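1. Okay, predicted coordinates and the sequence, questions at the end:
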Amino acid sequence: MMFRRSAGGKAIAGGRARPVRAVLLAAVASCMLPPASALAEKPTAVIPKQTIYPGETLDASMLEVVDVTNPDLRDGYVRSLDEVDGMVTKRTLLPGRVILASALREQYAVERGSTVRIVFSNGGLTITAAGSPLQDGAIGELIRVRNIDTGVIVSGTVMADSTIHVVAK
């Protein structure tokens, strides 16, 4: 404990000792209590009920939400069903194991080999053509596509309506 000495050399036993004692007791009590994060809501994880193979679209009937009991579990796993609704698996998911976010992808808006519309816009000029994607692509991804009429390969962004907007060089 720390005391402040008065000019006469004696410790002050007046009105300041009680507030200091109260602060000290509060500090000791707070060390004995669990941290605030432990009192907060327990973390949850989403796990599969059955084996799910690559390319399958996830829905709530395949999954369950459980409390995380392992304090050493690293981040990067899916915590709620909202995060996986409509996602597609990239690899096999085993029952009872947490689902890593890196094992999931968005559904493809365009698939390789299909026929899509290529759109190029520059100011008031808009050119459209038929194209064939050279790779699968989700909305917002930059992919390569071949113009069916000319055979020219261009890059473009996949849009929500399954068109590909070409990037100007």
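-> Perfect, I can see it now.

2. Return stretch 141-157 as CSV; C-alpha atoms alone will do.
-> Extracted in CSV, the C-alpha atoms of stretch 141-157 (Å, rounded to 0.1, in the frame of the first residue of the first chain):
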residue,chain,number,x,y,z
GLU,A,141,-15.7,-10.9,-61.0
LEU,A,142,-13.4,-10.0,-63.9
ILE,A,143,-13.3,-12.8,-66.4
ARG,A,144,-12.2,-13.5,-70.0
VAL,A,145,-14.8,-14.0,-72.7
ARG,A,146,-14.5,-14.8,-76.4
ASN,A,147,-16.6,-12.9,-79.0
ILE,A,148,-18.4,-15.7,-80.9
ASP,A,149,-18.5,-13.7,-84.2
THR,A,150,-14.9,-12.5,-84.4
GLY,A,151,-13.1,-14.9,-82.0
VAL,A,152,-11.5,-11.9,-80.2
ILE,A,153,-10.9,-12.5,-76.4
VAL,A,154,-11.7,-9.6,-74.1
SER,A,155,-12.0,-9.2,-70.4
GLY,A,156,-15.1,-8.0,-68.7
THR,A,157,-17.0,-7.8,-65.4
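
3. can you give me the offset of it from its chain's centre?
-> Computed by C-alpha atoms, centre = their mean, to the nearest Å, the separation of stretch 141-157 from the middle of its chain amounts to 30 Å.

4. buried residues in it?
-> Across stretch 141-157, burial judged by 16 or more other C-beta atoms under 10 Å covers Glu141, Ile143, Val145, Arg146, Val154, Gly156, Thr157. Every residue, glycine included, has its C-beta placed from N, CA and C.

5. likewise stretch 157-169?
-> Thr157, Val158, Met159, Ser162, Thr163, Ile164, Val166.
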